[in-house]
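Enquirer: Here is a sequence together with a model predicted from it:
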Amino acid sequence: MNPENQIEQFKKLKHEITRFMLIYKFALDEMETKIEILKQEFQSLHDYSPIEHTKSRIKSPESIMNKMLRKNGELSLDSVRNCIKDIAGLRITCSFISDIYHVSEMLQKQDDLTVLEVKDYIKNPKPNGYQSLHLLIQVPVFMSDRQELVCVEVQIRTIAMDFWASLEHKIFYKYNKSVPESMTRELKNAADAAHALDLQMERLHRDIKEIKDDDEDDDLSSFEELRRIVIHNQQFTLPANFIKLLGDK
């Protein structure tokens with residue numbers, strides 16, 4: 001093959017790979033928008049959001065290639081799409097265990113999303129102590145000439161679970177994946193302690209909510225306070241007759 005043909009072939013391949021990576025980026029954009037909508041809704045209507053923060057990432061072409069080689073898979077885009085389901089990853093961090101299942105339920109109810117797989121490592125932790133809820137979600141991405149169905153791996157975990165997983169990941173790679181047995185035991189003990197903390201915080205959260213609900217029943221907020229609403233940091237005051245008209249219907 002002459003140099004000119006090689007260059008043209010490389011350009012075509014680069015275009016295909018760029019498009020391939022873009023669809024995963026767009027799928028993550030859609031998922032992050034959905035999460036942000038849920039977060040703002042809860043903050044505005046309930047003064048509390050089950051979602052603390054999110055973090056997303058896309059595997060690099062090098063990482064994708066290495067994973068395909070480990071799987072002895074064919075190095076083609078179709079094969080990559082079928083074999084690797086975590087090219088796009090989204091991590092959602094919550095304060096409490098109950099929030100994890102609440103967020104999962106809300107995502108699974110969205111009609112345009114298809115949940116392909118659920119792995120509950122909270123009810124069934126990994127042997128090393130790892131805990132998290134994993135969802136494999138298919139997201140529709142509308143390009144200029146077609147619709148693409150893209151897999152996104154969503155991990156939902158508490159702050160304590162995330163802290164433990166981050167530390168375990170650092171130790172795992174520091175020891176080149178050969179962690180000493182004594183440290184493995186310590187990590188498992190730390191995972192158990194993190195889980196105990198999550199359960200304690202869950203109990204406190206439930207107790208505080210019950211106290212707050214009782215206080216709200218006893219507290220008659222002023223009419224002026226009820227008339228104020230905040231949308232995206234912008235405050236509005238509802239006309240008194242507007243509320244009356246709605247109440248009459």
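Expert: Ah, there it is.
Enquirer: Kindly list the longest strand within the chain.
Expert: Secondary structure assigned by DSSP state E gives strand 147-158 as the longest strand of the chain.
Enquirer: can you map out the helices along this protein?
Expert: Taking DSSP state H as the test, the helices found in the chain are 3-46, 61-70, 77-83, 97-108, 159-174, 181-218, 223-227, 240-248.
Enquirer: Deepest in the core, which of those is it.
Expert: helix 97-108 (a mean of 18; mean count of other C-beta atoms under 10 Å). Just so you know, the C-beta spots here come from the backbone N, C-alpha and C atoms, and that holds for glycine as well.
Enquirer: Please write out the alpha-carbon positions of that helix in PDB.
Expert: Coordinates of each C-alpha in helix 97-108 appear next as PDB, following Å, rounded to 0.1, in the frame of the first residue of the first chain:
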ATOM      1  CA  ILE A  97     -27.600   3.300  52.000                       C
ATOM      2  CA  SER A  98     -31.300   4.000  51.600                       C
ATOM      3  CA  ASP A  99     -30.400   6.800  49.200                       C
ATOM      4  CA  ILE A 100     -28.600   4.300  46.900                       C
ATOM      5  CA  TYR A 101     -31.700   2.300  46.300                       C
ATOM      6  CA  HIS A 102     -33.800   5.400  46.000                       C
ATOM      7  CA  VAL A 103     -31.600   6.800  43.200                       C
ATOM      8  CA  SER A 104     -31.500   3.400  41.500                       C
ATOM      9  CA  GLU A 105     -35.200   3.100  41.600                       C
ATOM     10  CA  MET A 106     -35.700   6.600  40.100                       C
ATOM     11  CA  LEU A 107     -33.300   5.800  37.200                       C
ATOM     12  CA  GLN A 108     -34.900   2.400  36.500                       C
END
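Enquirer: picking up where we left off before, let me know which of the helices of the chain is the nearest to residue 90.
Expert: helix 3-46 (5.2 Å; C-beta to C-beta).
Enquirer: Determine the set of other helices and strands touching that closest one.
Expert: Under the contact criterion of 3 or more C-beta pairs under 8 Å, 6 or more residues apart in numbering; DSSP states H and E, the helices and strands touching helix 3-46 comprise strand 53-58, helix 77-83, strand 88-94, helix 97-108, strand 133-142, strand 147-158, strand 228-231.
Enquirer: Out of those, the one nearest residue 114 is which?
Expert: With respect to residue 114, and counting by C-beta to C-beta, the nearest of the helices and strands packed on helix 3-46 is strand 133-142 at 4.1 Å.
Enquirer: low-confidence ranges in this structure?
Expert: In the prediction, the chain carries residues with pLDDT under 70 at positions 1, 176-177, 213-227, 232, 240-249.
Enquirer: looking at the helices and strands packed on helix 3-46, which is closest to residue 118?
Expert: Distance to residue 118, taken as C-beta to C-beta, is lowest for strand 133-142 among these, at 5.7 Å.
Enquirer: So what are the sheet partners of the closest one and their directions?
Expert: Paired neighbours of strand 133-142 in the sheet (DSSP bridges): strand 114-120 (antiparallel), strand 147-158 (antiparallel).
Enquirer: quick one, which of these is packed in tightest?
Expert: Once neighbours are counted as mean count of other C-beta under 10 Å, the most buried of these proves to be strand 147-158, having a mean of 20.
Enquirer: could you check the angle strand 88-94 makes with that strand?
Expert: When axes from the mean of the first three to the mean of the last three C-alpha atoms, to 10 degrees is applied, the directions of strand 147-158 and strand 88-94 differ by 30 degrees.
Enquirer: Just the residues contacting strand 147-158, thanks.
Expert: The set of residues external to strand 147-158 that reach it, using C-beta atoms under 8 Å, 6 or more residues apart in numbering, is 23-24, 26-28, 31, 85-97, 99-100, 103-104, 107, 114, 116, 131-141, 165, 198.
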